[in-house]
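1. Pasting the sequence and the predicted coordinates here, then a few questions.
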Amino acid sequence: MDLVLVILLAIITGLYVFLMIKDIVPPIGFMIIGSLWLLYWILGGRFSYATPIDLPVIGILLLTPINLAISVEKNLTLEKIYGLILSVVIFYWIVNFLRGIPRLWFVILVLIALATAIPILGLIGADWSGSNFTLPSRIAAALTSRFGFLDRLTSGGGIHVNTIGGTLSFFVPLLLGLFLDGGAFKQASFFKQQPINSLIIVYKIILVIVLILVLFVLFLTQSRGSYLGSGIGVLALLVWKDRRFLWLIPILFVGLILVFAIFANGNPSEFFALLDTEQDKNTLQVRLNYWERTIYLIQDFPFTGAGLGTYNNIFQQLYLFNPFTTEAETSFYAHNLYLGVTAGMGIPALVLYFTLISGFISMVFTSIKKVQPIARILLMGLSSGFLAHLIYGIMDNYLPGEKLGAVMWIFFGVVTAIFVHPEYLAINASGNATNGDRKVRMKFPQWTLIFVIGLLTWVLISLAAITLINTRPITSLVIAAAGGIILGLIFSGRFSKAMHASAINNIMADTGPVQV
């Protein structure tokens, strides 16, 4: 089974790189993945471990054929669907692989490697033509002139710098959390028998170097949403680790008041002008206009969305906001993750997206006090990085299936694996690591019942939100978001109860009935 997983990882990685370069995935690639997963099922007697976010994951996949069918630019939508499917496969690969501290360390090393590779990829493969900084363009030109294949590293004009910034926002709190681990590295059982002092020094030096690289490229992106998200993510991490960092909040608030009074003369419009830029004409007012126009599109396509990746094409073909055709056409984007998801896949997808978010949060807080220190530190870093990305999403797009979008699913996968494999990563009442010999699993009939109830609830929430989209669009979107959050909490809660019942049954099987 482990050999099958290793082969799967190699194939998935190769296909994702191919997608980054060519914007397609050969059908034979998905056939190979399906065959290997079938072999894994035969060898292990299970298709995959059940998770609390199976409902939104499977629901989003079920929406993709409909999304492709209604798309006006099927090639653009198909590219996003390819990325989404590969990301989901990566998610379930992690859930099935990550069992035990040694494998947790492998995942940590992979996350550090990703945090190193993405800023380098950004320097080479991003579209820096609109940037005020010439350094990235000069670096890319020098490298592509020497190594011609790098010019084809990413297709479609390169990755947008805001996408690079949004992806890097995941890693700033994560890397800082791993660095400030409170000795968790040394306490990890996998390293107890090692000459560890020199290893810790090397590990911390690597983290510092990678963090500096991430911050450097993040600064070059000039993505204000990424700056804000990373800052809030770091602040949340520091406060979470040590409540004494709460004093930073009033200091930052006082500093904000002083800037408002001194540099903006107490005028809100002048204050926002300080935060705004004219780069690519993406001012705050322009973003507000984009949000308003995106709501128009959502009102026209509330059930299915207009098709992933087709936002600009839809506006150019169906909406006339500028009657003067002699003027250059503007590219339109939602400039908001949540509106972008809704415009691309419909209100039902927005419900599922917030179900994913609340399921993620629920799993973190359910597991955080039960796992070993290194897993606890990782959970804190992952959740703070995810918070940073959600803040970034208020200002910019990051659609399902986006290039580099697999990073979000990797974060989902690690948190979910820690949650569903407590017997490998938990600590007992005395604070010692458990031996991992007691399986805690949900039976298929239990999962089916929970899934069907969740599916019906999702349909009802979606219909309730859609009924108000034309008369009260903001209320409609709030209902979808709040309903998704509640659905995620309910689904995770039922899943946790089923897992707890499984653990009790295992204890009774080992020791006999519990006498009360």
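-> Arrived safely, thanks for sending.

2. quick one: low-confidence ranges for the stretch 1-150 of the chain?
-> Counting by pLDDT under 70, the stretch 1-150 of the chain contains low-confidence ranges at 129-137, 140-150.

3. Spell out, range by range, the helices that occur in it.
-> With helices called from DSSP state H, counting those that start in this stretch, the stretch 1-150 of the chain shows them at 2-22, 27-44, 54-70, 74-97, 101-125, 135-146.

4. what separates the longest one from the chain centre, distance-wise?
-> Centroid separation for helix 101-125 versus its chain: 15 Å, with C-alpha atoms, centre = their mean, to the nearest Å.

5. Next: stretch 83-92.
-> Relative to the mean C-alpha coordinate of its chain, stretch 83-92 is positioned 12 Å out (C-alpha atoms, centre = their mean).

6. Check stretch 383-392 too.
-> Once both centres are worked out by C-alpha atoms, centre = their mean, stretch 383-392 turns out to sit 8 Å from its chain's centre.

7. Now that stretch - C-alpha only, PDB.
-> Listed in PDB are the C-alpha atoms of stretch 383-392, where the atom choice follows Å, rounded to 0.1, in the frame of the first residue of the first chain:
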ATOM      1  CA  SER A 383      -4.500  27.500  10.600                       C
ATOM      2  CA  SER A 384      -2.800  31.000  11.000                       C
ATOM      3  CA  GLY A 385      -1.600  30.700   7.400                       C
ATOM      4  CA  PHE A 386      -5.100  29.700   6.300                       C
ATOM      5  CA  LEU A 387      -6.400  32.800   8.100                       C
ATOM      6  CA  ALA A 388      -3.900  35.000   6.300                       C
ATOM      7  CA  HIS A 389      -5.100  33.600   3.000                       C
ATOM      8  CA  LEU A 390      -8.800  34.200   3.900                       C
ATOM      9  CA  ILE A 391      -8.000  37.800   4.700                       C
ATOM     10  CA  TYR A 392      -6.100  38.100   1.300                       C
END
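
8. burial count for the nearest residue to Ile66 once chain neighbours are set aside?
-> The spatially closest residue to Ile66, leaving aside those adjacent along the chain, is Thr304, at 5.4 Å (C-beta to C-beta, 6 or more residues apart in numbering). Just so you know, the C-beta spots here come from the backbone N, C-alpha and C atoms, and that holds for glycine as well. Using other C-beta atoms under 10 Å as the criterion, Thr304 is surrounded by 18 other residues.

9. any idea which of the helices of the stretch 1-150 of the chain is most buried?
-> Looking across those with neighbours counted as mean count of other C-beta atoms under 10 Å, the highest average goes to helix 74-97: a mean of 22.

10. just checking, Ser36 touches Leu8?
-> Small correction: residue 36 is Leu, not Ser. Yes: counting by C-beta atoms under 8 Å, Leu36 does reach Leu8; the two are 5.2 Å apart.

11. on that earlier part again, looking at the helices of the stretch 1-150 of the chain, which is closest to Leu175?
-> Closest of those to Leu175 is helix 101-125, at 5.9 Å (criterion: C-beta to C-beta).

12. angle of the closest one against helix 2-22?
-> Between helix 101-125 and helix 2-22, the angle formed by their directions is 10 degrees, by axes from the mean of the first three to the mean of the last three C-alpha atoms, to 10 degrees.

13. Which elements pack onto helix 101-125?
-> If contacts are counted by 3 or more C-beta pairs under 8 Å, 6 or more residues apart in numbering; DSSP states H and E, helix 101-125 sits against helix 135-146, strand 159-160, helix 161-179, helix 196-221, helix 373-392, helix 406-420, helix 422-425.

14. Could you check the angle that helix makes with helix 406-420?
-> 170 degrees.

15. rewinding a little: can you confirm the residue nearest to Ile66 is in a strand?
-> No: counting by DSSP: H, G, I helix; E, B strand; the rest coil, Thr304 falls outside a strand, being coil.

16. which residues does it contact?
-> By C-beta atoms under 8 Å, 6 or more residues apart in numbering, the contact set of Thr304 is 63, 66-67, 70, 345-346.

17. I'd like those residues as JSON lines, with distance to Ala113 appended.
-> Written out in JSON lines, the entries for these read as follows (distance: C-beta to C-beta, whole Å):
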{"residue": "Leu63", "distance to Ala113": "32"}
{"residue": "Ile66", "distance to Ala113": "36"}
{"residue": "Asn67", "distance to Ala113": "32"}
{"residue": "Ile70", "distance to Ala113": "38"}
{"residue": "Met345", "distance to Ala113": "31"}
{"residue": "Gly346", "distance to Ala113": "36"}
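
18. Can you tell me which of those is closest to Val217?
-> Distances from Val217 to the contacts of Thr304, taken as C-beta to C-beta, are shortest for Met345 (29.8 Å).

19. Wait, that closest one touches Leu61, no?
-> No: here Met345 lies out of contact with Leu61, judged by C-beta under 8 Å, at a distance of 11.2 Å.

20. And Ile357, how close does it get to Gly309?
-> According to C-beta to C-beta, to the nearest Å, Ile357 stands 22 Å off from Gly309.

21. cool, and Val6?
-> Taking C-beta to C-beta as the measure, Val6 falls 33 Å from Gly309.

22. What are the structural domain limits within the chain?
-> 1-47, 48-511 (automatic domain parsing).

23. Compute the first-to-last residue distance for the shortest one.
-> Taking C-alpha to C-alpha, to the nearest Å, domain 1-47 runs 12 Å from one end to the other.

24. which secondary element of the protein has the worst mean pLDDT?
-> For the chain, scoring each helix and strand by mean pLDDT, DSSP states H and E identifies helix 268-275 as the least confident one, at a mean of 59.

25. helices and strands around whatever helix or strand comes next after it, which ones?
-> Using DSSP states H and E, the helix or strand that follows helix 268-275 towards the C-terminus is helix 284-300. The elements that helix 284-300 packs onto, with contact taken as 3+ C-beta pairs under 8 Å, 6+ apart, are helix 311-318, helix 337-345, helix 473-511.

26. tell me the most buried of the ones you listed?
-> Each of the helices and strands packed on helix 284-300 was scored by mean neighbour count; the highest is helix 337-345, a mean of 27, by mean count of other C-beta under 10 Å.

27. what angle sits between it and helix 373-392?
-> Using the same axes, to 10 degrees, one finds that helix 337-345 and helix 373-392 are set 70 degrees apart in direction.

28. how far out from the middle of the chain is the next helix or strand after helix 337-345?
-> For helix 337-345, the succeeding helix or strand toward the C-terminus, using DSSP H and E, is helix 347-367. Going by C-alpha atoms, centre = their mean, the spacing between the C-alpha centre of helix 347-367 and its chain's C-alpha centre is 11 Å.

29. Repeat that for stretch 339-356.
-> Average the C-alpha atoms of stretch 339-356, do the same for its chain, and the two points are 14 Å apart (C-alpha atoms, centre = their mean).

30. Do me a favour and get the end-to-end distance for it?
-> Using C-alpha to C-alpha, the end-to-end distance of stretch 339-356 comes to 16 Å.

31. Next one: Asp181 from Ile374, what distance?
-> Separation of Asp181 from Ile374 (C-beta to C-beta): 7 Å.

32. Not counting sequence-adjacent ones, nearest residue to the residue nearest in space to the middle of the chain?
-> If you average the C-alpha coordinates of the chain and look for the closest C-alpha using C-alpha atoms, centre = their mean, you land on Met408, 2.2 Å from that point. Taking C-beta to C-beta, 6+ apart as the measure, Met408 lies nearest to His389, with 6.9 Å between them; neighbours along the chain are not counted.
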